[in-house]
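In: structure, please.
(2 chains)
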Amino acid sequence: MYKFLSHSNIFLFIEKILKFINSIFFVVLAIGLTFALIISPPDYLQSETVRIMYIHVPSAWIGLACYSTITVLSILNFIFKIKNLILVNKSIAPIGLLFTCLAIITGSLWGQPTWGTWWAWDARLTSMLVLLFFYIAYIVSLKTIKNKDLSTKISSIIIIVGSLNIPIIKYSVDWWNTLHQPASIKIDGTSSIHSSMMLPLMLMLLVLLLYSAMIFLMKYKTEIIRIKKKNIKRL
Amino acid sequence: MILNLIEMNGYGLFIWLSFSISILACSIVYYKTKKTLMKYEKEFAAEIEKLSNYDKQILLDNSKIANQVLATNNKTA
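Out: Residues are numbered from 1 along each chain as shown, chains lettered A, B, ... in the order given. Next up is the predicted model:
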């Protein structure tokens, strides 16, 4: 099992997966965009602005999922001291930051025509902004602190403290009376979205997940090469 | 029909801006990530080339990664 998880095997596996994702990505993107921008009907209440949701909602989900993954891996690293987990976290964090930014920006672009404002200090919006700051703090701590052990410790603490914000983001719309509407898709799978809108949403989620996987694999590959390059100098 | 698609019932600016910003940001991140990866692959390949024939042979016999990076680098060169 451990042999399978060696850098060499992971590296070769990454090559294969990247080739596969590259071969299907643009087809899935074209289908996703066609459904999101052309085929799906306008909403009876939100009109055409509902199309922004097809990029906003998957972005927010991925931003949250990345943070949750980093939190779990940081805790595991604290307990088991597995170096690979730090590499995984380093590769996931920029993806989470990107999608959290996109969720906030596209949310703002949806808010202006719908709510009549670009921004409100609403519980959901504010907690997403806090998430963005935690991502920035995490990435800055990894990049600026030269001592590896110290950087791992501090970045893990930042992530674990920031993880308290995750349930706040998730339940902010239930706990407080917010401008942001409650979730239309629940964790238990129940949904109030019509299938004609659910399909483009899921297609766009698939597009963004494939993109995230591509970036993650390239970043992880870069980290492995960086380590191998350091080792070669010792020869 | 095309005009309707652009105008989106008066919300075109917000919708197209959302999709454009997202595509642009994703493209920039993809480009930067790819560029960094290629830079490291090139540097790693250059380090391998610098080794003596003996060390290089040992490395290539033992490291699948070194083989793969050299192969990729030779393809792009």
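
In: what pLDDT does residue 67 get?
Out: No chain specified, so I'll use chain A. We have a pLDDT of 97 for A:Tyr67.

In: the intended chain is chain B.
Out: In the predicted model, B:Asn67 carries a pLDDT score of 81.

In: and it, how far is that from A:Asn22?
Out: 21 Å (Cβ to Cβ, to the nearest Å). Bear in mind the C-beta positions are built from the backbone N, C-alpha and C, glycine included.

In: next one: A:Ile79
Out: On the measure of Cβ to Cβ, A:Ile79 and A:Asn22 end up 36 Å apart.

In: B:Ile21 too?
Out: From B:Ile21 to A:Asn22 the distance is 24 Å (Cβ to Cβ).

In: show me which of the two is the more surrounded one.
Out: B:Ile21 (16 against 11; other Cβ atoms under 10 Å in any protein chain shown).

In: what about A:Tyr138, how many neighbours?
Out: 25.

In: and it, what element?
Out: For A:Tyr138, the host element (DSSP states H and E) is helix A:123-144.

In: ok, residues contacting that helix?
Out: A:60, A:63-64, A:67, A:70, A:90, A:93-94, A:96-97, A:100-101, A:103-104, A:107, A:119, A:151, A:154-155, A:158-159, A:161-162, A:165-166, A:168-169, A:172-173, A:175-176, A:178-180 (Cβ atoms under 8 Å, 6 or more residues apart in numbering or on different chains).

In: pull out the buried positions in it.
Out: By neighbour count on 16 or more other Cβ atoms under 10 Å in any protein chain shown, the buried set for helix A:123-144 is A:123-128, A:131-132, A:134-135, A:137-139, A:141-142.

In: list the buried residues in the top helix by length along chain A.
Out: Determined from DSSP state H, the single longest helix within chain A is helix A:195-232. By neighbour count on 16+ other Cβ under 10 Å, the buried set for helix A:195-232 is A:197, A:199-225, A:228-229, A:232.

In: how far is stretch B:29-48 from where the chain is centred?
Out: Stretch B:29-48 sits 8 Å away from the centroid of its parent chain (Cα atoms, centre = their mean, to the nearest Å).

In: can I get it in CSV, CA atoms only?
Out: The C-alpha coordinates for stretch B:29-48 follow below in CSV (Å, rounded to 0.1, in the frame of the first residue of the first chain):
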residue,chain,number,x,y,z
VAL,B,29,-4.6,30.4,-12.9
TYR,B,30,-4.3,27.6,-15.4
TYR,B,31,-1.6,29.4,-17.5
LYS,B,32,0.4,30.3,-14.4
THR,B,33,0.2,26.8,-13.0
LYS,B,34,1.2,25.3,-16.3
LYS,B,35,4.1,27.8,-16.7
THR,B,36,5.5,27.0,-13.2
LEU,B,37,5.2,23.2,-13.8
MET,B,38,7.1,23.6,-17.1
LYS,B,39,9.7,25.8,-15.5
TYR,B,40,10.4,23.2,-12.8
GLU,B,41,10.4,20.3,-15.3
LYS,B,42,13.0,22.2,-17.4
GLU,B,43,15.1,23.0,-14.4
PHE,B,44,14.9,19.4,-13.2
ALA,B,45,15.9,18.1,-16.6
ALA,B,46,18.8,20.5,-16.7
GLU,B,47,20.0,19.3,-13.3
ILE,B,48,19.9,15.7,-14.6
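
In: A:Leu64 contacts A:Ile166, doesn't it?
Out: Yes. Between A:Leu64 and A:Ile166 there is a contact at 6.6 Å, judged by Cβ atoms under 8 Å.

In: following element in sequence after the top helix by length along chain B, please.
Out: When chain B is parsed with DSSP H, its longest helix is helix B:12-50. Once helix B:12-50 ends, the next helix or strand along the chain (criterion: DSSP H and E) is helix B:53-62.

In: quick one: low-confidence parts of chain A?
Out: Low-confidence segments of chain A, defined by pLDDT under 70: A:1-5, A:187, A:189, A:233-235.

In: for it, which segments count as helices?
Out: In chain A, the helices defined using DSSP H lie at A:7-34, A:50-80, A:83-115, A:123-144, A:148-162, A:165-175, A:195-232.

In: can you put these in CSV and add distance to B:Lys50?
Out: Converted to CSV, the helices of chain A look like this (distance: least, Cβ to Cβ, whole Å):
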stretch, distance to B:Lys50
helix A:7-34, 21
helix A:50-80, 34
helix A:83-115, 25
helix A:123-144, 28
helix A:148-162, 26
helix A:165-175, 47
helix A:195-232, 9
